[in-house]
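Q: pasting the sequence and the predicted model now:
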Amino acid sequence: MSDSGLFALRPAEAASDASRNVGPSPPPRVLIVEDDDAICSSLSEALREDGFDVETAANGCEALERLRGAPPPSAILLDLMMPLMDGWDFRNEQLRDPTLRDIPVVVVTAVGFSIESVRTQFGNVALIPKPVPYLDLLDALGRACTPKAPPA
């Protein structure tokens with residue numbers, strides 16, 4: 001069997017051999033929902049350099065279309081003030097859709113909303129001000145993209 005690349009595993013070896021044969025996990029995928037081209041472009045570029053797979057949408061309507069046509073991202077980076085459908089309306093639609101409601105959201109906004117007012121409507125989300133403190137954003141995305149442990 002060695003010529004074929006196949007080999008038999010004894011139960012005691014299975015776990016260690018299986019972990020060695022698993023490839024690297026795919027990068028976390030982030031959907032940036034932002035209408036400002038310069039901000040969207042700079043965040044996309046920086047996040048890609050830091051190992052994220054990035055997709056973008058210019059408003060909430062476009063974001064919903066992307067989300068409904070692809071596997072869910074690890075997290076959504078959401079601006080609040082956008083044309084066509086703002087972040088508030090997008091979040092309402094996201095929460096109504098059972099296939100989308102559990103995708104973590106990180107709110108990024110230049111408007112001075114308090115974390116309390118955002119969480120009243122959005123739930124437990126991270127709030128990052130603009131201009132974006134990039135290390136804070138990475139920290140928030142790291143928490144959002146970490147798989148949650150199942151309840152014991």
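A: That came through fine. Only a predicted model underlies this, so the values are computations on that prediction, with no experimental measurement involved.

Q: in this structure, which segments are predicted with low confidence?
A: 1-23, 147-152 (pLDDT under 70).

Q: just the strands from it, written as ranges.
A: 29-33, 53-57, 75-78, 105-109, 126-129 (DSSP state E).

Q: so who does the spatially most central residue of the chain touch?
A: Residue closest to the average C-alpha location in the chain (CA atoms, centre = their mean): Ala75, at 1.5 Å. Listed by CB atoms under 8 Å, 6 or more residues apart in numbering, the contact partners of Ala75 are Pro28, Val30, Leu31, Ile103, Pro104, Val105, Val106, Leu141, Ala144, Cys145. Quick note: C-beta positions are derived from backbone N, CA and C, even for glycine.

Q: picking up where we left off before, just name the most buried of the strands of the chain.
A: strand 75-78 (a mean of 26; mean count of other CB atoms under 10 Å).

Q: adjacent strands (with direction) for that strand?
A: The sheet places strand 75-78 alongside strand 29-33 (parallel), strand 105-109 (parallel), with pairing taken from DSSP bridges.

Q: now do the first one against strand 53-57, angle only.
A: Okay, so that is strand 29-33. 20 degrees (axes from the mean of the first three to the mean of the last three CA atoms, to 10 degrees).
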